[in-house]
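Peer 1: Provided below are the primary sequence and the corresponding predicted coordinates.
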Amino acid sequence: MELTATEKLLKKNFGISSFKQVIAKLEKEPKETFSNNLFVEKDVFIKKIEELNNSINSLSEAYADGLKMAESGSVFETFARRELGNIHTPYVKMRKQLVHHLSYFYKKK
């Protein structure tokens, strides 16, 4: 089974191969860890991590599709090349956010 964009990021930075492992670890953490150290409710933090996962994977697929269009020589080639930056910038930003948020719970490789 192929890894998702988020799982590739997790494997690269933390040595984790499954996003489900991250959610399971976060759910096991006491609520006080989130409220006292991260100043956010546990449920809100987990929801934010799940949203980042979904966004990263969606943008990754859109970027891959855009690259295919840009290289295809189709009518959409010019449009696709122009719009790739609009996908790439938020994609990189969300990846950095995910790594930053999870670095409290995992040590970087």
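Peer 2: Cool, the structure landed.

Peer 1: and the longest helix seen in the chain, what does it pack onto?
Peer 2: Under DSSP state H, the helix in the chain containing the largest number of residues is helix 42-72. Based on contacts counted as 3 or more Cβ pairs under 8 Å, 6 or more residues apart in numbering; DSSP states H and E, the elements that helix 42-72 packs against are helix 5-14, helix 19-28, helix 77-102. Bear in mind the C-beta positions are built from the backbone N, C-alpha and C, glycine included.

Peer 1: pick out the shakiest of the ones you listed, pLDDT-wise.
Peer 2: Ranked by mean pLDDT, the helices and strands packed on helix 42-72 end with helix 77-102 at the bottom, a mean of 86.

Peer 1: could I get the buried residue list for that helix?
Peer 2: With burial defined by 16 or more other Cβ atoms under 10 Å, the residues of helix 77-102 counted as buried are Ala80, Glu83, Leu84, Ile87, Tyr91, Met94, Arg95, Leu98, Val99, His101, Leu102.

Peer 1: pretty sure the second one sits against Met69.
Peer 2: No: in terms of Cβ atoms under 8 Å, Glu83 does not count as a neighbour of Met69; the distance is 9.3 Å.

Peer 1: ok, Ser35 touching Asp43?
Peer 2: No: at 11.0 Å, Ser35 and Asp43 do not qualify as touching, with contact defined as Cβ under 8 Å.

Peer 1: and the gap between His101 and Lys47?
Peer 2: Taking Cβ to Cβ, to the nearest Å as the criterion, His101 is separated from Lys47 by 12 Å.

Peer 1: about what we covered before: can you redo the buried residues of helix 77-102 as JSON lines with distance to Ile23?
Peer 2: Written out in JSON lines, the entries for these read as follows (distance: Cβ to Cβ, whole Å):
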{"residue": "Ala80", "distance to Ile23": "34"}
{"residue": "Glu83", "distance to Ile23": "32"}
{"residue": "Leu84", "distance to Ile23": "31"}
{"residue": "Ile87", "distance to Ile23": "26"}
{"residue": "Tyr91", "distance to Ile23": "21"}
{"residue": "Met94", "distance to Ile23": "17"}
{"residue": "Arg95", "distance to Ile23": "18"}
{"residue": "Leu98", "distance to Ile23": "12"}
{"residue": "Val99", "distance to Ile23": "16"}
{"residue": "His101", "distance to Ile23": "13"}
{"residue": "Leu102", "distance to Ile23": "11"}
